[in-house]
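In: pasting a predicted model and its sequence here:
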Amino acid sequence: MLSIHQFKRLNLKQKLFAIDRKGVDLSVALFAEKETSTLYWLNNFYVEIVFEKGTQRIESVRGFTDTKRLNPYLDQINIGELTILLSTS
C-alpha cells in the first residue's frame, strides 16, 4: 500500500498513475479565478490536483492527511463510495 510519504517522493507522472489506478474520485471541485482543484482519496490520504483554468494544465498534485485542508471541499464530498471502501479494508 502506498503511503503519503512514498507518494510525495514520486514524480508527477508516477503520482498521476497512482491516482488513476488506485484513487477514488470524490467528485468535488473548487473553482477559483485562475484554477480548478479536484479531490481524490488514495489509500489513507487525500490528493488534490490543481489545474490552470483554460488550458487544464496541471499546476500541482498535493497529498495530505490534515483534515483542515478539506474545509473548502466539505459541502461537496460524496462519502458513499469512500464509506464502502473503508468498510472493505
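Out: That came in fine, so what should we check first?
In: C-alpha only now, for contacts and for neighbours.
Out: Fine.
In: so where's the protein uncertain?
Out: 77-89 (pLDDT under 70).
In: quick one, helices of it?
Out: Taking DSSP state H to define them, one finds helices in the chain at 4-9, 12-22, 79-88.
In: list the contacts of the first one.
Out: Contacts of helix 4-9 from elsewhere in the structure, counted by CA atoms under 8 Å, 6 or more residues apart in numbering, are Lys15, Asn44, Phe45, Arg62, Gly63, Phe64.
In: farthest-apart pair in these, please.
Out: Greatest spacing in these, by CA to CA: Lys15 and Asn44 (14.8 Å).
In: so those two - more neighbours on which side?
Out: Under the criterion of other CA atoms under 10 Å, the comparison of Lys15 against Asn44 puts Lys15 first, with 19 against 12.
In: mind listing what the more buried one touches?
Out: Counted by CA under 8 Å, 6+ apart, Lys15 has contacts Phe7, Val61.
In: gap between it and Glu48?
Out: 11 Å (CA to CA, to the nearest Å).
In: what is in contact with those two at once?
Out: Val61.
In: which positions within stretch 51-60 qualify as buried?
Out: Residues Phe51, Glu52 are the ones in stretch 51-60 that count as buried (16 or more other CA atoms under 10 Å).
In: chain center to it: distance?
Out: Relative to its parent chain, stretch 51-60 has a centroid offset of 15 Å by CA atoms, centre = their mean, to the nearest Å.
In: start to end distance for it?
Out: From start residue to end residue, stretch 51-60 stretches across 7 Å - CA to CA.
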